[in-house]
Structures are given as structure tokens and as C-alpha cells.
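Chemist: sequence-free structure coming up:
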């Protein structure tokens with residue numbers, strides 16, 4: 001089995017946490033539905049019809065991610081304009097324009113992520129591979145919001161094998177779902193010089209854009225590996241160990 005590996009990066013990213021409203025906070029990295037949206041932008045899977053969810057949120061597709069630069073978060077205000085029921089052709093000097101609202105929003109600063117993509121459907125797999133190799137997209141690639149334009153680079157195509165739990169802890173390069181940890185006190189080996197954070201992320205989203213599964217995930221915010229005992233993981237031919245979501 002083979003996995004496609006590519007990097008995405010930009011100046012800013014925002015992956016809204018589902019429980020924040022008036023002051024949006026950001027996840028530290030894109031969740032699987034967001035990665036599916038990026039893949040949809042590559043191959044032209046329509047967002048309006050949620051075609052990207054049908055292609056990349058199913059049992060044929062497996063995704064993982066690696067944090068490549070330390071997570072830095074910054075907050076600043078965004079000036080939003082109410083446009084519903086207004087005539088936007090009016091000049092900006094018109095005092096009767098709809099009111100603006102300053103929303104304090106959290107962003108990830110100078111993010112870079114490495115995405116791992118596997119798909120059982122060869123047609124879809126090679127669609128993505130062709131776009132990555134040629135450095136072309138159908139829609140503009142962004143990091144959570146359409147204004148946050150992203151760049152990307154194809155890293156390579158690697159053989160991998162699925163492995164199950166052994167008595168030894170494994171150095172995992174990707175975030176780890178808590179449900180994938182074995183039920184033991186030493187399932188995560190705490191090491192000096194590393195940080196361990198946990199966030200709740202959406203893992204599955206159906207074509208109606210309803211999240212059907214949320215999960216807690218453990219990750220190292222500076223991109224270092226986590227030594228853990230997991231139920232299953234994937235070993236790439238270059239020695240990298242990851243866990244699919």
C-alpha cells in the first residue's frame with residue numbers, strides 16, 4: 001500500500017473550534033474534514049454539493065497529519081460587515097451602510113503541516129497525485145478560511161504497512177486519537193523537553209455537513225514525536241510512524 005505525502009503552509013491559518021462563537025478560537029492543526037476540503041480543492045470536488053465529503057470522508061480514505069513548525073497562536077480583530085438585505089453597490093462613504101462588527105479571532109501564525117493521504121480508489125488516488133506532482137489545483141488552496149491562501153509541495157509517495165500494538169512504545173510523528181491508546185497508565189511516555197496537549201476535533205462529517213464523530217487527540221505542539229503505546233499505527237518505508245485518524 002502507498003501513501004501520498006505533501007506539505008501545506010501559509011502566513012496564517014484558522015480552523016475554528018466548534019464550541020466557540022463570538023470570539024472564534026482555532027484548533028492547532030486542520031481536522032480530517034478540513035483536510036478533506038483541501039483535497040477537494042486540489043481535484044475540484046464541489047463544496048456547494050459537498051462532493052468532497054463523499055470522496056474523502058469515507059472508509060476508502062485515510063488521513064493523517066504532522067506538525068512541521070511550532071504552533072504559535074495570535075489574536076487580532078477582524079472587521080466584519082453585515083451584508084444580508086443590503087445593497088453593496090452603495091459607495092463606502094454612504095453613512096447608511098450596514099453596521100460593522102469587530103470580532104476578535106485567533107489564528108495560527110506561520111503554520112506548516114505535512115499531510116498523509118491514502119485512498120483505496122485508484123482513480124481518486126491518482127487524481128490527487130497528479131495535482132500534487134504538477135503543483136496545480138482546481139480551486140485555490142486555503143488554511144481554514146478562503147482569505148488565508150496556502151502553498152503546497154509534494155514530498156513523495158511511500159510504501160507503508162499497518163502494524164498493531166506490541167509491548168514497546170512507538171515514536172509517533174502525528175497526533176494520536178485518545179481512543180487509539182491502549183488502556184494503561186504508561187500508554188504515553190512523558191519525556192523531558194516535550195509538551196503534551198489535548199484538543200477535541202471533528203473526525204467524521206457526513207455529506208450533509210453534520211459531524212458524526214468527535215474525538216480527543218494528543219499532540220506535541222512543536223512537532224516532536226510522541227512515544228506511546230497504540231492499538232494500531234502505520235510504518236512508512238522511511239521509518240516514519242504515523243496514526244491515521
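Modeler: On my side now, so go ahead. This one's a predicted model, so the numbers in the text were calculated from it and none came from an experiment.
Chemist: what about the residue nearest to residue 170 when sequence neighbours are not counted, distance to residue 140?
Modeler: The shortest distance from residue 170 to any non-neighbouring residue, by C-beta to C-beta, 6 or more residues apart in numbering, is to residue 241 (5.3 Å). In short, each C-beta sits where N, CA and C put it, glycine included. With distances taken as C-beta to C-beta, to the nearest Å, residue 241 is found 33 Å from residue 140.
Chemist: Repeat that for residue 158.
Modeler: Residue 158 is 27 Å from residue 140, by C-beta to C-beta.
Chemist: For these two, work out which one has more neighbours and name it.
Modeler: Using other C-beta atoms under 10 Å as the criterion, residue 158 and residue 140 rank with residue 158 on top: 17 against 9.
Chemist: count of residues packed around the residue nearest to residue 170?
Modeler: Neighbour number of residue 241 under other C-beta under 10 Å is 18.
Chemist: pretty sure it is in contact with residue 235, am I right?
Modeler: Yes: applying C-beta atoms under 8 Å, one finds residue 241 in contact with residue 235, separated by 5.4 Å.
Chemist: Helices of this structure, start to end?
Modeler: For the chain, applying DSSP state H gives helices covering 32-43, 51-56, 122-134.
Chemist: For residue 182, which of the ones you listed is the nearest?
Modeler: Closest to residue 182 of the helices of the chain, according to C-beta to C-beta: helix 32-43, at 22.3 Å.
Chemist: roughly how far out does the closest one sit from the chain middle?
Modeler: Here helix 32-43 shows a centroid-to-chain-centroid distance of 9 Å under the convention C-alpha atoms, centre = their mean, to the nearest Å.
Chemist: what's the answer for stretch 52-67, then?
Modeler: With C-alpha atoms, centre = their mean, you get 10 Å for stretch 52-67.
Chemist: and the residue nearest to the spatial centre of the chain, how far is that from residue 167?
Modeler: Nearest to the geometric centre of the chain sits residue 30, at 2.2 Å (C-alpha atoms, centre = their mean). Separation of residue 30 from residue 167 (C-beta to C-beta): 33 Å.
Chemist: Equivalent analysis for residue 231, please.
Modeler: With C-beta to C-beta as the criterion, residue 231 and residue 167 are 13 Å apart.
Chemist: and those two? which has more neighbours close in?
Modeler: Using other C-beta under 10 Å as the criterion, residue 231 and residue 167 rank with residue 231 on top: 14 against 5.
Chemist: where in the protein is pLDDT low?
Modeler: 82-99 (pLDDT under 70).
Chemist: now with 80?
Modeler: 20-22, 46-48, 80-101, 166-167, 184-185 (pLDDT under 80).
Chemist: How far does stretch 137-156 sit from its chain's centre?
Modeler: When distances are taken as C-alpha atoms, centre = their mean, stretch 137-156 is centred 12 Å away from the chain's centroid.
Chemist: Which residues outside that stretch are in contact with it?
Modeler: Applying C-beta atoms under 8 Å, 6 or more residues apart in numbering, the external contacts of stretch 137-156 come out as 4-16, 26, 30, 34, 38, 40-44, 47, 107-108, 111, 114, 131-133, 135.
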